[in-house]
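need a structure here:
(chains A, B and C)
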Amino acid sequence: MAQRGAGDGLALRVIAPVMRVVEIPMIGLQRVLGINRLAWVFLLPNLLLFGLFAFLPVILNVAYATTGGANVLLEARPQIGLDNFERLLDCANHLDPNTCREDKFWRAVWNTLWFVTLQVGIMVGFSLLTAIVLNGKIRARGFFRSVFFFPVLLSPVVVALIWKWMLQRNGVLNAFLDWAGIGGYNWLVDANWAFAWSVFLSVWAHMGFYTLILLAGLQAIPRDVYEAATMDRASPWRVFRRITLPLLAPTMLVVLVLALIKGVQTFDEVYAFTGGGPGTATTFIIQYIYEEGFAGSPRLFGLSAAASLLVAAVLVVLTLVQLWVNRKNVNG
Amino acid sequence: MTFKAKTTTALAALIALGAGAASAQEIRFMCYSDGNECEVYDDVLTRFEADNPGVDVVVDVVPYQAILENLPVQLAAGSGPDMAKVTDLGGLAPYYLDLAPHVDRDYWEASFGDTLAWYRGAEGGDAINGMHSQLTITGAFVNATLFEQAGVEVPGSDATWEDWAEASRAVAEATQTPFPMAIDRTGHRFAGPAISYGAAIVAEDGTPTLSDEGFAAFTAQFVEWNNDGTMARDVWAGQGGATYQDAAQEFINGELVFYYSGSWQVGRMDEQVGDLFDWQVVGSPCGPAGACSGMPGGAGIVGFNATEHPEIVAAVIDFLAQEDIYAEVTARTRNLPAHLGVAEAGVEFEGASPAAAAALSAFAADLSDVAPSAFRYQGYANNRAMFGITAERVSQAIVGELSVEEAVARMATDLEAALADTQ
Amino acid sequence: MARPWDFLTATRGGARLHWTDWASYGYLCLGVFLMFFPVVWLVLSSFKTEADLQRYPPTFLPYEQQTVTVAGHDEPLPLFRITGGEHEGMILAQLRRVGLQAQMIDPADPEERLSVAISDYERLERFTLATENYAELFGRFDFLLYFWNSTFITVMATLIMLLTNSMAAFALSKYQFRGRTAVLLLVIGTLMIPQTVVLVPLFLIVSELGMFNSLWGVIIPGAATPTGVFLLRQYMLTIPDEILDAARMDKASEWKIYWRIILPLSAPAIAVLAILAIMWRWNDFLWPLIVLTQSENFTLQLALNSFQGELQTQWSSLLAMTVLTLLPIALVFMFLQKYIATGIASTGGK
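Numbering: from 1, shown residues only, chains lettered A, B, ... in the order given. Here you go, the predicted structure:
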């Protein structure tokens, strides 16, 4: 199955003795606990890490969300019940952020909603197209595959810097447009363009990851299914609709769930790219949370924690809806 | 895990510092640089270390972001450094080490005078909490060559903002320069002209406001200038949140006629403009109210009360505050001195060109025009919050998300909420 | 191996390069351009001097102004070729520029000052790499120490993450036990909370555990990433249970099944996760900035950013710094990219 190179052999020589030593207590545990309860032993290290560094912070965040003031230490913060949530949700008209007490929160919410819709749609579309093309009879496939993956490796700050450098007023894109006679444009000062470029940048940086997953999914589709279709002389589009898409559905589900969650959490790259501007045009929900709770002054840990819980709740609901809708689709 | 962690840390420390790491009296100095400040401190502090065997002052150079965003959280959790160079002078006051028991109060009060109050925060009192290491003042740089080329006379020292706007527009038009004017994107720079337009900002009794008539007047004027092309729109409209953005690059490239920034830019202008054009400092223009105020500012060195070695920290800061050392550091870093003795004696700026020296003196001379409310604002404990609110809301008004009236109203409620939350 | 596209083109009988192939290659080449050009542009730009960076329109390669040293002037003077006016064709050195006019001298005859309109000359320049952008960075700090810190953090965090995540994924994919769904939901639940929103509680926990200002304060919390468990579990589900049952018949212990069967069979997914983990930890900035405040513990990212002052940023050093942090990642990518290419793809179908 997996082809092993010389490097794997070396790694194995280092790892094997360690694994053998660990095996001794594990066999003992297996005798005492039985096979299925041994699962908890396998889970333990990870659960320990998660418990301390992922769950506990969230639980602390719940505690922060019900307190006020600007003190960092939980024990020194006054209890204010659900005031933070009320403050966030207090709006005359939720569609118009100007009528909200926390107008920035609602601007961020609507921006994020728009962003996620566009970004996830465009990114998954292009990832699928790229995966299908890469899955075809292509020379130098390995090269092309890794090319699309390359930007995934760049840090968000670097991604932002690269495109800022490309798009600045005296940047190379404007130079090209000037040369082509179209004329340059001050992209990041225009709210709509800044938003569009943020979507582009985010698709650019992440689509390689999803292409990879979709490609693996495509290659898992058994060949004989297509052969059957050949017999029926089905059109390519029909093959795509009737065979590829349905069989790819489980992979698509993973991709959509991950893309949606990551899309809502978009922060670093756009923050380094536009700072959330112009005005608040590219301020997304995580930036709001970060600025209220960490970067701003005064630091409203309570308000920020409350907002983060609201986001998590929405994400949980969205994910469940996605899973539910898809379950129906796959079965039907 | 903990054991391992300690050994690796110690190991890393050993690699970094050789034998010095194990020193019993290690002082951690968290520093950030706008130019060469930390290097110079590190250098002069080796003299302190030579005089005080067994003391090791480690200068940790960090990004400014770490000072601004992380240091306050670390201090609150009790894990801060021993001393640091900070800019949120009043906001961190609860954590400062009072140097008074360890230093000569008379010398400090005579040398640093009013700036000592900036470090006392909301509490007031008479503690000696920090040494103002670099004084800055906001003011305008103009491209004199462009004026000459356009045949427009450079407005005099009592010219108003409107005079300057008109002149800059005329120059930009005549010379096809893209931007007539720009102001750095921060509430701090905005405050100078706002005060000149009659904003109280921090009243004599300490009440803050960001929504009085004067403040609204300059906001309206500034938004209008951004929309009619007088101000470089990139600066305020190209960013979000409270992000800082300057326009120095545009000025250096000769794309900007009038640039409102501050004294810390002198070194950079001197270095990078070269002979591309002549530039000069014209201080702060006046407002219709008659005031011609800039904003004072700067950074200072403070000790923290959680330190294990308060006497040593105090001794280090006191060492830096001595007139000869302070004068040397000021000269080498090309800053304006806050030390009154040093200021009076005058500073020979090291390696500065005539243009830079003239610029620094122009800034120093402009200090007398600074309004009392500007000094109060600089010393006000919540000024960071107010800077942020200004940058955010004014930008929204510029890009059209809010009208000027709405922006001013939002600034009022934001400030109210911020004050309520910090109580 | 299944290739739908093969099939699609095969139906068209015989023709070697169908329009769909042209379209595919066209699309891929556009992809290469879009993915690489910005990075190449960044790298080239990082070798430009600050003055060259501000030129418009920009040049593709870095150039430097040619200069000449003339007696009577301390600094070397920039050279220009005169393209119009009375001095056309001459190569003159510029004394200074005043607005639209430049005062120039002929290096051969430095006494006489000539006045030239700036529209009548062009810079004389040659290709030069501005390596001083990099030299300046290296001069500022102890590169080897920070490189070591970054590498240590990256390697340890990746190993810990791979081990714990693969163990957990094994348990979640191959065992039936009470509470499995609950654990799985919790794991997916942590996906919903990015680190950015729990910075303050996380910082307090790490401080309490005595990991503040220690490399482990970056390593351990970094290893608690749900994405790995999620990806590995999805992959392990595709490994047939019969293999495990056969091994159990041979009296292999569960631990042995884990490391001798599951781990090797999951190698492609683990390779991808390893690449991601290396990249995450290497690129980390926000969290190390909070945990590490003493310079001997700094990572490369922190050290390179340490001269970011309150008031000034310069493109030249910023670009050089970015290229420096990008370089190791690019190397890792070159070595591991065969796993990206062959790993997932060749095993995914089986």
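
Count residues in the vicinity of B:Val40, would you?
Look at B:Val40: counted by other Cβ atoms under 10 Å in any protein chain shown, it has 17 neighbours. From N, CA and C alone the C-beta is placed, and that goes for glycine too.

I'd say it and B:Val329 touch.
Yes. Here B:Val40 lies in contact with B:Val329, judged by Cβ atoms under 8 Å, at a distance of 5.5 Å.

Spatially nearest residue to C:Gln314 (excluding sequence neighbours)?
Among residues not flanking C:Gln314 along the chain, C:Glu50 sits closest, at 6.5 Å (Cβ to Cβ, 6 or more residues apart in numbering or on different chains).

Double-check that neighbour against C:Ser316; I have them as touching.
Yes. Contact criterion Cβ under 8 Å: C:Glu50 and C:Ser316 qualify, at 4.5 Å.

Between these two, which is the more surrounded one?
Remark: of C:Glu50 and C:Ser316, C:Ser316 carries more neighbours, 21 against 17, as counted by other Cβ under 10 Å.

Might one say that B:Ala167 is in contact with B:Val154?
Yes. Counting by Cβ under 8 Å, B:Ala167 touches B:Val154, with 7.5 Å between them.

out of those two, which sits in the more crowded spot?
Comparing B:Ala167 with B:Val154 by other Cβ under 10 Å, the one with more neighbours is B:Ala167, at 22 against 14.

check whether the helix or strand hosting the more buried one contacts chain C.
Element membership of B:Ala167 [criterion: DSSP states H and E] is helix B:161-175. Yes. Using Cβ under 8 Å from any Cβ of the partner chain, helix B:161-175 reaches chain C at B:Thr175.

which residues are contacting that helix?
B:140, B:143, B:146-147, B:149-155, B:159, B:177-181, B:193, B:196-197, B:221, B:225, B:230, B:257-258, B:285-288, C:99 (Cβ atoms under 8 Å, 6 or more residues apart in numbering or on different chains).

which residues in the stretch 201-350 of chain C form helices?
C:216-223, C:226-237, C:241-249, C:254-256, C:263-265, C:267-283, C:286-291, C:300-305, C:315-338, C:344-348 (DSSP state H, counting those that start in this stretch).

Let me have the ones you listed in a markdown table, extended by mean pLDDT.
Formatted as a markdown table, the helices of the stretch 201-350 of chain C follow (pLDDT from 0 to 100):
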| stretch | mean pLDDT |
| --- | --- |
| helix C:216-223 | 90 |
| helix C:226-237 | 85 |
| helix C:241-249 | 90 |
| helix C:254-256 | 91 |
| helix C:263-265 | 89 |
| helix C:267-283 | 85 |
| helix C:286-291 | 89 |
| helix C:300-305 | 82 |
| helix C:315-338 | 80 |
| helix C:344-348 | 44 |
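
Of those helices, which is nearest C:Asn133?
C:Asn133 lies closest to helix C:315-338 among those, at 3.9 Å (Cβ to Cβ).

Domain ranges for chain B, per the record?
Using automatic domain parsing, the domain parsing of chain B gives B:24-135+B:297-356, B:137-296+B:365-422.

Point out the most buried one among the ones you listed.
Each of those was scored by mean neighbour count; the highest is domain B:137-296+B:365-422, a mean of 21, by mean count of other Cβ atoms under 10 Å in any protein chain shown.

First-to-last residue distance for that one?
Taking Cα to Cα, to the nearest Å, the first and last residues of domain B:137-296+B:365-422 lie 28 Å apart.

Over it, what's the mean pLDDT, rounded is fine.
Average pLDDT, domain B:137-296+B:365-422: 92.

phi, psi of the nearest residue to C:Glu88 once chain neighbours are set aside?
Among residues not flanking C:Glu88 along the chain, C:Ile82 sits closest, at 5.6 Å (Cβ to Cβ, 6+ apart). In terms of degrees, to the nearest 10, the main-chain angles of C:Ile82 are phi -90, psi 130.

C:Ile82 is in contact with C:Met90, isn't it?
Yes. With contact defined as Cβ under 8 Å, C:Ile82 reaches C:Met90; the gap is 5.0 Å.

quick one: which of the two has more around it?
Of the pair C:Ile82 and C:Met90, C:Ile82 is the one with more neighbours under other Cβ under 10 Å, namely 20 against 17.

Tell me which residues touch that one, please.
C:Ile82 neighbours (Cβ under 8 Å, 6+ apart): C:88-92, C:116, C:120-121.

Can you select the buried ones from those residues in PyMOL?
Applied in PyMOL, the following selects the buried portion of the contacts of C:Ile82 according to 16 or more other Cβ atoms under 10 Å in any protein chain shown:
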select buried, chain C and resi 90+91+92+116+120+121
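
Pick the one among the contacts of C:Ile82 closest to B:Tyr64.
Distances from B:Tyr64 to the contacts of C:Ile82, taken by Cβ to Cβ, are shortest for C:Tyr121, at 41.1 Å.

which residue packs closest to the closest one, ignoring adjacent ones?
C:Phe80 (4.2 Å).

What residues does that neighbour make contact with?
C:91-94, C:102, C:104, C:116, C:121-124.

Quick one: classify C:Met167 as helix, strand or coil.
helix (DSSP: H, G, I helix; E, B strand; the rest coil).

Can you report how many residues lie near A:Trp263?
One thing to correct before we go on: residue A:263 is Gly, not Trp. Quick note: A:Gly263 (other Cβ under 10 Å) scores 21 neighbours.

wait, is it part of a helix?
Yes. Counting by three-state DSSP, A:Gly263 is located in a helix.

Please tell me I have it right and it contacts A:Val120.
Yes. Contact criterion Cβ under 8 Å: A:Gly263 and A:Val120 qualify, at 5.1 Å.

any low-confidence regions in chain A?
A:1-12, A:328-332 (pLDDT under 70).

tell me, what residue is most central in it?
In chain A, the centroid-proximal residue (Cα atoms, centre = their mean) is A:Lys262; its distance is 1.7 Å.

Contacts only, for it.
Counting by Cβ under 8 Å, 6+ apart, the residues that A:Lys262 touches are A:His206.

So it versus A:Val116, what's the distance?
Computed as Cβ to Cβ, to the nearest Å, the A:Lys262 to A:Val116 distance reads 9 Å.

again, but for A:Asp96
20 Å.

Equivalent analysis for C:Arg113, please.
On the measure of Cβ to Cβ, C:Arg113 and A:Val116 end up 64 Å apart.

Spatially nearest residue to A:Cys100 (excluding sequence neighbours)?
A:Cys91 (4.0 Å).

quick one: that neighbour and A:Trp106 touch, right?
Yes. Using Cβ under 8 Å, A:Cys91 is in contact with A:Trp106, at 6.5 Å.

anything in contact with each of those two?
In contact with both A:Cys91 and A:Trp106: A:Cys100, using Cβ under 8 Å, 6+ apart.
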